[in-house]
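Q: structure of the sequence below:
(chains A, B, C and D)
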There are 2 protein chains.
Amino acid sequence: MTEEQGSRGAGGRPVATTHAAIEQATFRLFRERGFEGTTLDDIAREVGVSRRTLFRYFPSKNDIAWGQFDRTLETFRETLATMPEELPLHEAVHRAVVAFNVYDEHADPPHRERMHLILTTPALSAHSVHRYADWRAVIAEYVAARRGLAPTDPLPEVVSQVALALALSAYTLWLREPGPSLRRRLEDALLDLRAYLA
Amino acid sequence: MTEEQGSRGAGGRPVATTHAAIEQATFRLFRERGFEGTTLDDIAREVGVSRRTLFRYFPSKNDIAWGQFDRTLETFRETLATMPEELPLHEAVHRAVVAFNVYDEHADPPHRERMHLILTTPALSAHSVHRYADWRAVIAEYVAARRGLAPTDPLPEVVSQVALALALSAYTLWLREPGPSLRRRLEDALLDLRAYLA
DNA sequence: AAAGTAACTGCACCGGGTGCCACAACGGAC
DNA sequence: GTCCGTTGTGGCACCCGGTGCAGTTACTTT
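A: Below is the predicted model of the structure:
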């Protein structure tokens, strides 16, 4: 449930809802009526707040689907930071990516439902570019730090783009049919790439 | 200028404009007022048609920026199809990607301006996911055909995603500063990836 | 001149998103 | 208990992209 309201500054009107509550109500509606079939008025009514208030919690309808992704990015950054220096760069990045994606397997709403929604809804898959850019920036920073480069240099750019490409392939295949685990899909994607380039 | 109106069926009111005319007027306005600062009413006025008519030529404001991309995809498909069978798969894909992107270097509006607009405007870079998906599908089909797989199998999926990743890296670097040519950037991206994985 | 046809226009409407301001609900000071 | 500062909420007006529909315009054919 991930309680919110930690360390609320003194005074002021109490909040009427939480990110988590909005997220859950929203997913419930998306499940029933689909993404396009659900208006922000519907969500506001379901949550019990005004439409205007929704925008104080999420900057757009699209963003609700990603929840507080920026929070989990912090975890990702830490995971990368704690990778042993001895590990080859590609190995460190790969392990961190796997750890990051296997991590919130039991999130709420469930990982699979969220990713399925995102990857099959046109508006969401388009909007997600911005979340992916944030994710890539984390990788680019790590690569740049380890190689003494700027995050805007060629290598960090290429590595972060390719890492995303592999992750997206893995997710697409994983969501299409309930065969191998996501972890397995991620491993296989890398193997396929290596075999392809060899 | 790419004249349109080839083989117009008999009868009916003549067209009031062309895709090319709309594209040019639009880029002029984007250059002056920016993407967000330009409304569809502005464009319609500039072109000399009604707002409603714009939607008969382009499905959305975003799509104007890509022009008739689907046409150029046909070229891409043919380029791939004529690659020698003897060439290793990765080599064939790579050469086709390079040829495709160096091809319309002298397009109108200019290649560089278009790509800069697309990659720096948030709404456009998000929307472009759909064009990229079309582009990837062409690659996936080729890979599938050569390997006797379905386009939805792992290898075609991974290869098309990675090819896009490399292309996007190359474009990003190419647009950021006027150093090496786009062709060079594409070559280097692949070299960087190989070095990274080695 | 009339009929047929294809494209354009105008209008009403929907939904996401924003700026602005008034108001509600709390805690603290006295 | 009252007043005050604080902070989130609510309502409203408005902008803009996008769609459905119905009517009109301009050309070709017979």
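
Q: how near is the residue in chain A positioned nearest to DNA strand D to DNA strand C?
A: Nearest to DNA strand D in chain A, going by C-beta to the nearest atom of the strand, is A:Gly12, at a distance of 2.2 Å. All C-beta atoms are positioned from the backbone trio N, CA, C, and that covers glycine. Distance of A:Gly12 to DNA strand C, given as C-beta to the nearest atom of the strand, to the nearest Å: 5 Å.

Q: give me the phi and psi for that residue.
A: Dihedral angles of A:Gly12 (phi, psi; degrees, to the nearest 10) stand at phi 90, psi 160.

Q: up against chain B, what does chain A have?
A: A:89-90, A:122, A:125-130, A:152, A:154-155, A:157-159, A:161-162, A:164-166, A:168-169, A:172-173, A:176, A:188-189, A:192-194, A:196-197 (C-beta under 8 Å from any C-beta of the partner chain).

Q: try 6 Å this time
A: Contact residues, chain A versus chain B (C-beta under 6 Å from any C-beta of the partner chain): A:90, A:125-127, A:129, A:154-155, A:157-159, A:161-162, A:165, A:168-169, A:173, A:189, A:192-193, A:196-197.

Q: now, which of those lie within helices?
A: Among the residues of chain A next to chain B, the subset assigned to helices under DSSP state H consists of A:90, A:125-127, A:129, A:154-155, A:157-159, A:161-162, A:165, A:168-169, A:173, A:189, A:192-193, A:196-197.

Q: give me the below-cutoff pLDDT ranges for chain A.
A: A:1-10, A:104-109 (pLDDT under 70).

Q: okay, now the domains of it?
A: Listed by automatic domain parsing, the domain ranges of chain A are A:19-60, A:69-197.

Q: contacting residues for A:Pro151?
A: By C-beta atoms under 6 Å, 6 or more residues apart in numbering or on different chains, the contact set of A:Pro151 is A:140-141, A:144.

Q: flag every residue of chain A that's near DNA strand C.
A: A:10-14, A:38-41, A:52, A:55, A:59-62 (C-beta under 7 Å from any atom of the strand).

Q: burial of the residue of chain A closest to DNA strand D, as a residue count?
A: Using other C-beta atoms under 10 Å in any protein chain shown, A:Gly12 has 7 neighbouring residues.

Q: against A:Val93, how distant is A:Leu164?
A: To A:Val93, A:Leu164 is 11 Å away according to C-beta to C-beta, to the nearest Å.

Q: got a list of what the residue positioned nearest the centre of chain A touches?
A: Residue closest to the average C-alpha location in chain A (C-alpha atoms, centre = their mean): A:Phe69, at 5.2 Å. Taking C-beta under 6 Å, 6+ apart, we find A:Phe69 in contact with A:Arg131.

Q: the same query, at a cut-off of 10 Å, please.
A: Residues near A:Phe69 by C-beta atoms under 10 Å, 6 or more residues apart in numbering or on different chains: A:63, A:76, A:114, A:128, A:130-131, A:134-135.

Q: convert the C-alpha atoms of the strand or helix carrying A:Thr53 to PDB, please.
A: Assigning secondary structure by DSSP states H and E places A:Thr53 in helix A:51-57. Taking C-alpha atoms only, helix A:51-57 is exported to PDB below (Å, rounded to 0.1, in the frame of the first residue of the first chain):
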ATOM      1  CA  ARG A  51     -10.400  16.600 -11.700                       C
ATOM      2  CA  ARG A  52      -8.200  19.600 -10.900                       C
ATOM      3  CA  THR A  53      -6.700  17.800  -7.900                       C
ATOM      4  CA  LEU A  54      -5.600  14.800 -10.000                       C
ATOM      5  CA  PHE A  55      -3.100  17.100 -11.700                       C
ATOM      6  CA  ARG A  56      -1.500  18.000  -8.400                       C
ATOM      7  CA  TYR A  57      -0.500  14.300  -8.100                       C
END
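
Q: what's that helix packed up against?
A: When contacts are defined as 3 or more C-beta pairs under 10 Å, 6 or more residues apart in numbering or on different chains; DSSP states H and E, helix A:51-57 packs onto helix A:19-33, helix A:40-47, helix A:61-64.

Q: give me the buried positions along stretch A:129-146.
A: Within stretch A:129-146, the residues that count as buried by 16 or more other C-beta atoms under 10 Å in any protein chain shown are A:129-131, A:135-136, A:138-144, A:146.

Q: from these, which is closest to DNA strand C?
A: Of those, the one sitting nearest to DNA strand C (C-beta to the nearest atom of the strand) turns out to be A:His130, at 11.5 Å.

Q: thought that closest one was touching A:Asp70?
A: No: counting by C-beta atoms under 10 Å, A:His130 does not reach A:Asp70; the two are 11.0 Å apart.

Q: now the common contact residues for those two.
A: Residues touching both A:His130 and A:Asp70 (C-beta under 10 Å, 6+ apart): none.

Q: which residues touch A:Glu74?
A: By C-beta under 10 Å, 6+ apart, the contact set of A:Glu74 is A:Val138.

Q: look up how far B:Ser160 lies from it.
A: Taken as C-beta to C-beta, the span from A:Glu74 to B:Ser160 is 31 Å.

Q: interface residues of chain A facing DNA strand D?
A: Contact residues, chain A versus DNA strand D (C-beta under 7 Å from any atom of the strand): A:9-17, A:49-50, A:52-53, A:56-57.

Q: buried stuff in stretch A:144-158?
A: Residues A:144, A:146, A:151, A:153-158 are the ones in stretch A:144-158 that count as buried (16+ other C-beta under 10 Å).
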